[in-house]
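>>> what follows is a predicted structure for the sequence shown.
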Amino acid sequence: MSDRATDIQQIMNATYVYARGLDLFRPEEAVSAYTDDAYWDATAVGLKRFEGREEVLGFFTSDAETMAEQYHLITNHVIEFDGPDAAHGTNYVLAEGSTKSGASIKAAALNEDTYRRVGDRWLISGRTISPLTAPQMEGFDA
């Protein structure tokens, strides 16, 4: 595999590790896909913006404590390189689940990401989430 193809695969893998960590209720795994100074911004879908590893981990931990079941399908990656260690891109996410209190969640969204190589790994350094369809998130208060 070429170096650039390896870079693309590592970036896509970071997005999948994030989703798997959320869906298996392993917030430390989910945050391992992010740089220490990353942000996660879902204000456009009615949630909040979190900055830095501790805030992002806090949100992922709250999600794990709130949700009874959930899944995130991530697809349609488009990745562009800004230099040897920086990139940006988009991907789609379809997420569904239910909270422990019985509320249902459903969202189709666009993730606008920035990525950075840290050591020998590509990580997500920022994620902004925007709805593609009207999200159904009543009762989700993480």
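Right, received. Where do you want to start?

>>> just checking, what's the longest helix in the protein?
Using DSSP state H, we find that the single longest helix of the chain is helix 3-23.

>>> for that helix, what is the average pLDDT?
Mean per-residue pLDDT for helix 3-23: 97.

>>> stretch 41-59 now?
Rounded mean pLDDT across stretch 41-59 is 95.

>>> tell me how far the residue nearest the centre of the chain lies from Glu138.
Centroid-nearest residue in the chain: Tyr18, 5.6 Å away (criterion: C-alpha atoms, centre = their mean). Tyr18 sits 24 Å away from Glu138, going by C-beta to C-beta, to the nearest Å. In short, each C-beta sits where N, CA and C put it, glycine included.

>>> hmm, back to that, buried stuff in the longest helix of the chain?
7-8, 11-12, 14-15, 17-23 (16 or more other C-beta atoms under 10 Å).

>>> quick one: the helices in the chain?
Taking DSSP H as the test, the helices found in the chain are 3-23, 27-31, 52-66.

>>> list the contacts of the lengthiest strand in the chain.
Assignment by DSSP state E gives strand 67-83 as the longest strand of the chain. Residues from elsewhere that reach strand 67-83, judged by C-beta atoms under 8 Å, 6 or more residues apart in numbering: 4, 7-8, 11-12, 15-16, 18-19, 22-23, 25, 63, 87-100, 105, 111, 115, 142.

>>> what residues are up against Glu138?
Per C-beta under 8 Å, 6+ apart, neighbours of Glu138: Ala103.

>>> and Ala108, by the same measure?
With contact taken as C-beta under 8 Å, 6+ apart, Ala108 is in contact with 92-94, 131-133, 135.

>>> switch to 10 Å and redo it
73, 92-96, 131-135 (C-beta atoms under 10 Å, 6 or more residues apart in numbering).

>>> now for those residues, which pair is the farthest apart?
Largest separation among these by C-beta to C-beta: Leu73 and Ala134, giving 18.2 Å.

>>> and the nearest residue to Val31 once chain neighbours are set aside, how many neighbours?
In space, and not counting its chain neighbours, Val31 is closest to Leu57: 4.5 Å by C-beta to C-beta, 6 or more residues apart in numbering. Using other C-beta atoms under 10 Å, Leu57 has 18 other residues around it.
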